[in-house]
Each structure stands twice: as C-alpha cells, then as structure tokens.
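Asker: got a structure for you, letters missing:
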C-alpha cells in the first residue's frame, strides 16, 4: 500500500511538473526576442500590462492560458490564442481583463482568439463584472479570415456583446495601447470609456497603405489615427496618456470610484482550511486511472475543516451529494464515487458509473440547492451511465434525463472540476461545457472524450478488421495489435486535458491544491450577479 501511494504521488507530481512547463512556455507568448522588441518600442508586454493594472500580489485567475496549444503550427503557432484573459482584482474589485499579445503575430485574431475573447465576454455577462480591454492587435489573421469573420460566433459577435453589456449596465473600459484597425476599431469605441497611449496607440478603419490604395490620399498612420487626432480633433477617444503605465493607472483610478452593485447573496462565513492535507491528493489519485479510490477523501481535502454533510448517504452511492464550504462559501457538491459501492438491493456497483438511483438522488439534490440558493460544484470522474438489459429495463434513460434536466434548468451558478474521466453522457449529466458552468477547470489527470481510448480503439479496430475481411484481406494477430496500439495513441492524444484546454473545452488546467482558491474566486464573481429566475423542474417527475 505504501509503495502504491508513493508511486501515485510520484506520477501525479510529474504531471504537475509537466503542467508548469507547458504554462511557462505559453507565458513567453511570441518568445523572448518579440518580448524585447515590444519593450524597445516603449511598450509594456501584455503580461506586464496586466501585472501593472491589477492589485499587487493579488490572485489572477487566468482563463485559457493553454488555448491554441499545438494549433496553427503551419503559421508558427498561436500561444494562448494571442490574447490573455482572466479575472483579476483592481482596488479589491473583480474585473475581467482582455489583453492582446502583440508578440504573437502582432496580436492578430485567429479562430481560437475569437473563441477566447467571446468566452471572456461571456464570463463578464454571466457574472456582471466590469471588463477591461487592453488593445494591441493587427486585426483578423487574413489567411484564416473565413474561419474568423462572418459566422455567429466569429469576430463580429464581440461587438454585439459590447452592445448587450452596455444595455445591462456592465462597465467596459478600453485602452488603445498599440494597433487597433478595421472592424476591430469598434470594440474600444463601443465601450463606456476609451483611452489611448500617445505615439504607440493608433485606431482607424483603414491604415495609410489602404487609404492610399482606396482614395489616393497620402497620410501617415499617426496623423490618420494617433492620440492627438482622436483626443483633440475627432473626439473618438476620451483620454490621452504619455505611456502605458500612466494609462493603466488611470484605469485603476476609474475602477476605484465605481459604486457597489446588488449581490446574489450566497452564504459565506470566515474560511477554515481543510483539516486533511490537500497535498495528500497526489498520493490518493491512482496513477492507473482504471483503479478505484474514495472520492470522499478528495472532497475532505478541498472543503473547509474537511467537513462534508452528505445527502442520502446510503442511497444511490455511485454519486456523492452533500453540503460543505469552500473558502467560507456554502456549496452543494455533486461528485462521482470512484470506489465500488453497494446498491439498494445489496449488489456491487462499479465506481465512476451513474446508475438510476444515483441519477435520481443527484436530480433531487440539485433541486434542493436551487431552493436554498446554494452554488453547485461538480467533481467529475465519470465513465458514463450504466448500460445493459437490467439498466435499460430499470429506466436508466428516464432517470438520466431527470438529472440532465435538473442540471440544465439550474439557476444557481455551477462550477465543474474535471478530476479524471469525463466520458459520454456522463460529461453532460455532470455539468460539462455544454451546460454552462460559470467555470470549468481540469486537473492534469483529466480525460475528456466520448469513451475511453481502449474502448474506442477496440470498437474502431472491429470496424477496420470487418472492412478488410469484406475486401478479402486478412491481418495477423501481430498486425492487429500494432493497429490497435496506433488507434489508441491517436485517440488518446485528443482525450488529454491539454487538447481540451487548447480548444477551450475547459477554462484552465490547474494544480489540484489550487482548487479551493479557483472555486472561491469563481463563486465571488458569481455573487455579483443576482439570480433573476426561479428554478423550473421542467420534465423532472418526482
């Protein structure tokens, strides 16, 4: 047992080391050379701008740091999607920050950049948080314009969101700290206030070259759209600053004067650290993801005082439900139990599988949390719903539908942590991305897919072998094994948390010991948006 615990710890700490290495690479953006070029122009880098803007030593919850990982390699890559987004504190007030990284293709918009910007705006809208844009972008990346420009969730959606946020009274402030061209010029000017940095900031619908080509006018970019033009002649921008630091300080001053807003009123008391050491998580999570473990032990290392009030403890045990506090915030927890448990009939049930009784229990618990105005936290390690004749005859589809309906109709904010497996319909029932969690985060141990690599590979192999037989071809057992291994490798590459993060299926991959801090910041953000609707049970039959 001690040897297995040590092996688990070694394996999981290696995963954390790999995460930090990935993040360190992403934080470099376009690389040291590009970062130094930015500084030589008298500009701060995107991350330096964010550090200057936010309260010193405060927590910045970065969203999508690993977006774009492994993508667009034919164009030199797009680290972090060429934009840095997250929730930070300015004079103690949470704000969304969106900062273009001009070291990555001059801050141009790739398809994933658009998706990431829209996610930042979505978080601002859901949580009614002020949003600050630090603009330094060359506009749409033209070789991929057909994937960025015209569809509903493309580039133009951000301007629609600007207008929606304005109508909802969500504060928007934009600082033009570099290029801001073409359609992108509308973003800062649709904000409540727009500021510009002299000599480095510029904004226009068409640059000097295009103006010359279109109407034959000879003019330089500074005269066309620099700070003097827009602060003294056109009136397009509201404030003019000599450098980045002065501009960022002005934003801080503005935020410091914002009045308070009504809160959702989620219950919070003084935080208490878990009694059980969160570092134990490294040894509790099996290196072999097929092995069982007790999810209660994980919960006890996340919640305040390691105190967890379990709901229907002896019923539907393949899902754990209960009340606790995380950093002082009251929460309802819905988690997959990964050890073997007994059913109400005394039969053993597989860990990580959702059975009818557990789905029914979870649906009822979710309804209770909505009645009590308690935010929900989902801890995913799920292989899916139970299958087979007994499950089907027992109404697994009906009971699963109850749970899915409860998750979909929930009006309290939901937060999802993908700890391990997130397969098939289990992903949906446990509040996957499609069900609008306010935040969805993953541990490095996460895997997200329709089914496991082994299951998928065996299915795909059967299809491949059948096809070959139909063509009159026969493969040896050795060839079959090589083909199986090849399919598993290819499939597993797309089940990893890094693939999910690159596509923005999850907002962040985090070290498990940071889970409390991240969830607390998320609930604090959600507390800024009062709940306007009542929970509707929809099709749920009790």
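Answerer: Thanks, I have it. Please read all numbers here as calculations on a predicted model, not as lab measurements. Numbering: from 1, shown residues only.

Asker: which SS class is the residue nearest to residue 188 when sequence neighbours are not counted?
Answerer: Excluding its sequence neighbours, the residue lying closest to residue 188 (CB to CB, 6 or more residues apart in numbering) is residue 174, at 3.3 Å. C-beta: built from backbone N, CA, C; applies to glycine. For residue 174, the assignment made with DSSP: H, G, I helix; E, B strand; the rest coil gives strand.

Asker: partner residues bridging residue 174?
Answerer: residue 133, residue 194 (DSSP bridges).

Asker: Spit out the contact partners of it.
Answerer: 132, 133, 135, 187, 188, 189, 191, 193, 194, 195 (CB atoms under 8 Å, 6 or more residues apart in numbering).

Asker: cutoff 6 Å now
Answerer: By CB atoms under 6 Å, 6 or more residues apart in numbering, the contact set of residue 174 is 133, 135, 188, 191, 194.

Asker: By neighbours, which of the residues you listed wins?
Answerer: With neighbours taken as other CB atoms under 10 Å, the top of the contacts of residue 174 is residue 133, carrying 28 neighbours.

Asker: quick one: that residue from residue 182, how far?
Answerer: 16 Å (CB to CB, to the nearest Å).

Asker: same deal with residue 384?
Answerer: Residue 384 is 46 Å from residue 182, by CB to CB.

Asker: quick one, which of the two is more surrounded?
Answerer: Ranked by neighbour count (other CB under 10 Å), residue 384 and residue 182 place residue 384 first, with 22 against 17.

Asker: where does the residue lying closest to residue 27 once chain neighbours are set aside land on pLDDT?
Answerer: Closest residue to residue 27 apart from its sequence neighbours, by CB to CB, 6+ apart: residue 47 at 6.6 Å. Here, the pLDDT recorded for residue 47 equals 98.

Asker: Can we start the residue count at 148 from this point?
Answerer: In the new numbering, first residue 148, that becomes residue 194.

Asker: next one: phi and psi at residue 194?
Answerer: Taking degrees, to the nearest 10, you get phi -70, psi -30 for the backbone angles of residue 194.

Asker: Downstream of the worst-scoring helix or strand of the chain on mean pLDDT, the next helix or strand is which one?
Answerer: Every helix and strand of the chain was ranked by mean pLDDT, DSSP states H and E. The lowest is strand 495-496, at a mean of 68. Next helix or strand after strand 495-496 toward the C-terminus (DSSP states H and E): strand 500-501.

Asker: burial of residue 623, as a residue count?
Answerer: Residue 623: 8 neighbours (other CB under 10 Å).

Asker: actually residue 243, not the one I wrote
Answerer: 25.

Asker: Pull the contacting residues for it.
Answerer: Residue 243 neighbours (CB under 6 Å, 6+ apart): 267, 270, 271, 276, 278.

Asker: go again using 10 Å as the cut-off
Answerer: 208, 210, 232-235, 267-272, 274, 276-280, 317, 319, 672 (CB atoms under 10 Å, 6 or more residues apart in numbering).

Asker: Quick check: it vs residue 389, distance?
Answerer: Taking CB to CB, one finds residue 243 at 27 Å from residue 389.

Asker: Please convert the contacts of residue 321 to JSON lines, extending it with pLDDT and distance to residue 636.
Answerer: Listed next are the contacts of residue 321 as JSON lines, based on pLDDT from 0 to 100; distance: CB to CB, whole Å:
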{"residue": "280", "pLDDT": "98", "distance to residue 636": "41"}
{"residue": "282", "pLDDT": "96", "distance to residue 636": "42"}
{"residue": "335", "pLDDT": "91", "distance to residue 636": "46"}
{"residue": "338", "pLDDT": "95", "distance to residue 636": "47"}
{"residue": "341", "pLDDT": "96", "distance to residue 636": "50"}
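
Asker: Between those, which sits nearest residue 605?
Answerer: residue 280 (48.4 Å; CB to CB).

Asker: Let me know whether the closest one touches residue 245 as I believe.
Answerer: Yes: counting by CB atoms under 10 Å, residue 245 is a contact partner of residue 280 at 4.9 Å.

Asker: Show the end-to-end separation of stretch 511-531, please.
Answerer: 19 Å (CA to CA, to the nearest Å).

Asker: in that stretch, what's buried?
Answerer: Applying a neighbour-count criterion of 16 or more other CB atoms under 10 Å, one finds 511-514, 516-517, 521-531 buried in stretch 511-531.

Asker: same thing with stretch 232-240?
Answerer: Across stretch 232-240, burial judged by 16+ other CB under 10 Å covers 232, 233, 234, 235, 236, 237, 240.

Asker: wait, is the fifth one part of a strand?
Answerer: Yes: assessed by three-state DSSP, residue 236 belongs to a strand.

Asker: residues contacting it?
Answerer: By CB under 10 Å, 6+ apart, the neighbours of residue 236 are 201, 202, 203, 204, 205, 206, 207, 208, 242, 402, 668, 671.

Asker: Go ahead and build a PyMOL selection from the buried members of these.
Answerer: Here is the PyMOL command that picks out the buried ones among the contacts of residue 236, judged by 16+ other CB under 10 Å:
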select buried, resi 201+206+207+208+242+402+668+671
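
Asker: quick one: pLDDT of residue 599?
Answerer: With respect to pLDDT, residue 599 has a value of 67.

Asker: Okay, strands next: where are they in the stretch 298-447 of the chain?
Answerer: Taking DSSP state E, counting those that start in this stretch, the strands of the stretch 298-447 of the chain run over residues 319-328, 340-344, 349-351, 386-388.

Asker: roughly how far is the third one from the heart of the chain?
Answerer: Chain-centre distance of strand 349-351: 31 Å, with CA atoms, centre = their mean, to the nearest Å.

Asker: Each with direction, which strands does it pair with?
Answerer: Strand 349-351 has its sheet partners listed here by DSSP bridges as strand 319-328 (parallel).

Asker: what is the mean pLDDT for the partner strand?
Answerer: Rounded mean pLDDT across strand 319-328 is 95.

Asker: got a list of what the residue of the chain most remote from its centre touches?
Answerer: Distance from the C-alpha centroid of the chain, by CA atoms, centre = their mean, peaks at residue 619 (48.3 Å). By CB under 10 Å, 6+ apart, the contact list for residue 619 is empty.

Asker: Mind checking what secondary structure it has?
Answerer: Residue 619 - assigned by three-state DSSP - is coil.

Asker: Residue 235 is in contact with the residue nearest to residue 174, correct?
Answerer: No: taking contacts as CB under 10 Å, residue 194 lies outside contact range of residue 235: 11.7 Å.

Asker: joint contacts of those two?
Answerer: 207, 209.

Asker: circling back to that earlier point, okay if I get the buried residues of stretch 232-240 as CSV plus pLDDT and distance to residue 379?
Answerer: Compiled in CSV, these are given as follows (pLDDT from 0 to 100; distance: CB to CB, whole Å):
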residue, pLDDT, distance to residue 379
232, 98, 32
233, 98, 34
234, 98, 35
235, 98, 32
236, 98, 34
237, 98, 28
240, 97, 32
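
Asker: Just name the closest of those residues to residue 308, please.
Answerer: residue 232 (13.5 Å).

Asker: returning to that earlier point: mind checking how far the residue farthest from the centre of the chain is from residue 610?
Answerer: In this view, residue 619 and residue 610 are 17 Å apart by CB to CB.
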